[in-house]
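**Student:** just a sequence and a predicted model for now, questions to come.
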Amino acid sequence: NAGVTQTPKFQVLKTGQSMTLQCAQDMNHNSMYWYRQDPGMGLRLIYYSASEGTTDKGEVPNGYNVSRLNKREFSLRLESAAPSQTSVYFCASSAWGYPDYAGELFFGEGSRLTVL
Amino acid sequence: GQQVMQIPQYQHVQEGEDFTTYCNSSTTLSNIQWYKQRPGGHPVFLIQLVKSGEVKKQKRLTFQFGEAKKNSSLHITATQTTDVGTYFCAGRVRDYKLSFGAGTTVTVRA
């Protein structure tokens, strides 16, 4: 089982360039998430998708867009990269199906992005 | 801002000693989860606590959820080098979103 797969693992961009981070899960999970991790800040939620066809903003959505392509795939796009977006990005998924149930998150291995 | 605060940010422990990391929220949490991230790795789920006052153990790790469901702790006994990493708590306030603490980074002196 691959679990959650993210690509690319590393990327260097110049300010103003665009790119898309890809994420796919093979666990048939309903919910998918994008987090960024910065030193001393923990994991901050950028966007999430509770189920196929829906997306919602998290804590730090500015400068990002997402697409829930199907149940398996959830992509994160930076339209015009800025140095403040230098970070490690994690995609995660979870099973969810009950009103008050939050399943454990399964994380991908991360994508380290540097914006010059 | 972050709704879940975690202390301490760093913990330097002598091998064999015990330590505790704490997680506090200003609002009542539906549940709380704990994750461990090894250096260079990704967060891995450890446990979820749901009930007020709940205590769960995993070998040398003891997790506790406060009576008011606003705080939690992770206590590790007899620390080993394999315990090195960053421990995150994540509290759910509403919906699908988990709010992560900033993490406690643990280093171990052999």
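**Tutor:** Cool, the structure landed. The shown structure was predicted, so the numbers you read here are calculated from the model rather than taken from an experiment.

**Student:** endpoints of stretch B:44-63, how far apart?
**Tutor:** Terminal residues of stretch B:44-63 lie 16 Å apart, using CA to CA, to the nearest Å.

**Student:** quick one: that stretch near chain A?
**Tutor:** Yes. For stretch B:44-63, a contact with chain A is found by CB under 8 Å from any CB of the partner chain, at B:Val44, B:Phe45, B:Gln48. Bear in mind the C-beta positions are built from the backbone N, C-alpha and C, glycine included.

**Student:** among those, which are in strands?
**Tutor:** Within the residues of stretch B:44-63 next to chain A, residues falling in strands by DSSP state E are B:Val44, B:Phe45, B:Gln48.

**Student:** sort out which of these are buried, if you could.
**Tutor:** Neighbour counting with 16 or more other CB atoms under 10 Å in any protein chain shown marks B:Phe45, B:Gln48 as buried within these.

**Student:** quick one: the ones in strands among the residues of stretch B:44-63 next to chain A as JSON lines, columns for distance to A:Ser18 too.
**Tutor:** What follows is those, written out as JSON lines (distance: CB to CB, whole Å):
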{"residue": "B:Val44", "distance to A:Ser18": "31"}
{"residue": "B:Phe45", "distance to A:Ser18": "33"}
{"residue": "B:Gln48", "distance to A:Ser18": "37"}
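
**Student:** with the ones in strands among the residues of stretch B:44-63 next to chain A in mind, which one is nearest to B:Phe19?
**Tutor:** Nearest to B:Phe19 among those, counting by CB to CB, is B:Val44 at 19.4 Å.

**Student:** who does the closest one bridge with?
**Tutor:** Beta-bridge partners for B:Val44, by DSSP bridges, are B:Lys36.

**Student:** residues from chain A in reach of chain B?
**Tutor:** Residues of chain A that fall close to chain B, judged by CB under 8 Å from any CB: A:31, A:35, A:40-45, A:48, A:50, A:58-59, A:90, A:94, A:96, A:100, A:102, A:104-110.

**Student:** and the most centrally placed residue in chain A, what element?
**Tutor:** The centroid of chain A falls nearest to A:Trp34 when counting by CA atoms, centre = their mean (2.3 Å). Assigned by DSSP states H and E, A:Trp34 belongs to strand A:31-38.

**Student:** tell me where chain A has strands.
**Tutor:** Counting by DSSP E, the strands of chain A are A:4-7, A:10-13, A:19-25, A:31-38, A:42-49, A:56-57, A:64-68, A:74-78, A:87-94, A:106-107, A:111-115.

**Student:** show me what the residue nearest to the centre of chain A is bridged to.
**Tutor:** Where A:Trp34 sits in a bridge, its partners, by DSSP bridges, are A:Tyr47, A:Cys91.
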